[in-house]
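1. need a structure here:
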Amino acid sequence: MIYLDHSSAMPVDERVAAFASPYLMQHYGNPSSLHTRGLVAKRVLEEARGKVAKLINAESPETILFTSCATESNNLAIRGTALRNNKAGMRVVSSAVEHISVINPMKELQKQGYAYDVVPVSPEGYVDLDMLAEMVTKDTVVTSVNYANDEIGTIERIRDVSRIVHEEGRYLHVNATAAAGRIPVDVQADGIDLLTLSSNDMYGPRGAAALYVRKGVKLQTLLPGGGQERGIRSGTENLFAIAGMGEAAMIAGREMGAEGRRLHEIAGAYLKDILMIEDAHLTGPATGRLPGHLSFRFGRIEGESILLNLDTAFGIQVTTGSACSSRTLEPSHVLLAIGLKHEEAHGSMIMMMGRSNTTEEVPYVVDAVRKTVERLRMITAM
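-> Okay, here's the model as predicted:
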């Protein structure tokens, strides 16, 4: 079994599991309680906050809010900021290649009277900075651009985006779910006001995520209750998952340099051989991609057929797009945004490598992809 779908889900790192396990069965206190177990839980919670803050060079641990998932963080960042600051303006902006958990909160705001503008991207997935400058006005309260795209691997020019957003608009939200832990992210140097991170995308447990909120940015709570997380995100904290997320962030920060170089080498070996398959094309940029990320399209076949055949016949797991949109059977909005035709966008295959993958797997996987493409073209009348 060869797993190449680390953009959809990651295994929990064994070191993370060992660190966090005591917070399931032994140290299970509520961080809001004042007794001994509660105080231990509070200490663990704050230590995790500090580890996540350090990964993104946040100015202090207090800028980190824990949530349940990246979707919640994106909703809180976009809707919470727009609603709290509606007197400053009622315009929101995103790029055309954002995750659906960014696009849908924007559309919800649109239903409430906000204007929503979508910035186009280049064929490699880079935000059109000239169009961004035209669309962001003094009435734009939130602009959201992903740090890196998990479908086509593009790493956005966030510092240029930040400069443009802050010339006219107010707050820049960046979804760094695909980037944090894989490439360096520095919220202070990058000029980011709000940033989303996911635990599982750093080999941490599911059920935890975080939102960085720069000091001075005001949010409206979307989940009122007991007042946890500075009163912005109520609900008893998932101590096991948060402790694991903190440990995962610390390990990622320590190891991402060497791991990134290793994954770049593996991806390079795949890229050369897979592009030798007839009518195979790389999507996204040829360089400057996320480490270990490759995305292709193959003419005259369906991506879902590639996925199923590789899995059942060869024991290889890849994906065709964002897992959150995979059940719609519609072509990826990201691939359409970079200019592909509908029929071209249907033939996609994404490979996201991780810590378990090695160069020794390359010949077997390349041979399986070649045989799969040839077989499907023989039986498909596209």
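2. how about the strands of the stretch 101-250 of the chain, start to end?
-> Under the criterion DSSP state E, counting those that start in this stretch, strands of the stretch 101-250 of the chain are mapped to 115-119, 140-144, 171-175, 194-198, 209-213.
3. Just give me the neighbour total for L4.
-> 23 (other CB atoms under 10 Å). (Glycine included, C-beta is placed from N, CA and C.)
4. wait, it sits on I316?
-> Yes: L4 is within contact range of I316, at 6.5 Å (criterion: CB atoms under 8 Å).
5. Next, show the common contact partners of those two.
-> Counting by CB atoms under 8 Å, 6 or more residues apart in numbering, the common neighbours of L4 and I316 are V365.
6. Could you export the strands of the stretch 101-250 of the chain to JSON lines, including columns for mean pLDDT?
-> Converted to JSON lines, those look like this (pLDDT from 0 to 100):
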{"stretch": "strand 115-119", "mean pLDDT": "98"}
{"stretch": "strand 140-144", "mean pLDDT": "98"}
{"stretch": "strand 171-175", "mean pLDDT": "98"}
{"stretch": "strand 194-198", "mean pLDDT": "98"}
{"stretch": "strand 209-213", "mean pLDDT": "98"}
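7. do you know which of the ones you listed lies nearest L34?
-> In terms of CB to CB, the element of the strands of the stretch 101-250 of the chain nearest to L34 is strand 209-213, at 25.1 Å.
8. Direction included, what does the closest one pair against?
-> Neighbouring strands of strand 209-213 in its sheet, by DSSP bridges, are strand 64-67 (antiparallel), strand 194-198 (antiparallel).
9. what comes up buried for it?
-> By neighbour count on 16 or more other CB atoms under 10 Å, the buried set for strand 209-213 is 209-213.
10. Stretch 250-265 too?
-> 250-253, 256, 259-260, 262-264.
11. so which of the residues you listed comes closest to V187?
-> Distances from V187 to the buried residues of stretch 250-265, taken by CB to CB, are shortest for G253, at 13.6 Å.
12. mind listing what the closest one touches?
-> So G253 contacts 54-55, 181 (CB under 8 Å, 6+ apart).
13. In helices, which of these appear?
-> 54-55 (DSSP state H).
14. I'd like the buried residues of strand 209-213 laid out as a markdown table, including distance to N86.
-> Below are the buried residues of strand 209-213 laid out as a markdown table (distance: CB to CB, whole Å):
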| residue | distance to N86 |
| --- | --- |
| A209 | 25 |
| A210 | 25 |
| L211 | 19 |
| Y212 | 22 |
| V213 | 18 |
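15. Among these, find me the one that's closest to S348.
-> A209 (26.3 Å).
16. what are the bridge partners for the closest one, then?
-> Under the criterion used (DSSP bridges), A209 bridges to T67, S198.
17. That one and A70 touch, don't they?
-> Yes: assessed by CB under 8 Å, A209 is found in contact with A70 at 4.8 Å.
18. Overlap in contacts, the two.
-> 196-198.
19. Give me the angle between the helix or strand containing S94 and strand 171-175.
-> Element membership for S94 (DSSP states H and E) is strand 91-95. Interaxial angle of strand 91-95 relative to strand 171-175 (axes from the mean of the first three to the mean of the last three CA atoms, to 10 degrees): 30 degrees.
20. chain center to stretch 69-84, what's the gap?
-> How far stretch 69-84 lies from its chain's middle: 15 Å, per CA atoms, centre = their mean, to the nearest Å.
21. Number the chain from 26, please
-> Sure, I'll start counting at 26 from here, so that last one is stretch 94-109.
22. rewinding a little: closest to A214 out of the buried residues of stretch 275-290?
-> Once CB to CB is applied, the member of the buried residues of stretch 275-290 that ends up nearest A214 is G278, at 15.3 Å.
23. for the chain, what helix or strand is lowest in average pLDDT?
-> Sorting the helices and strands of the chain by mean pLDDT, DSSP states H and E puts helix 367-370 at the bottom, at a mean of 86.
24. quick one: contacts of stretch 146-165?
-> For stretch 146-165, contacts defined as CB under 8 Å, 6+ apart pick out 113-118, 120-122, 140, 142, 144-145, 168, 170, 174, 177-179, 181-182, 185-186, 189-190, 192-195, 309-310, 359, 362-364.
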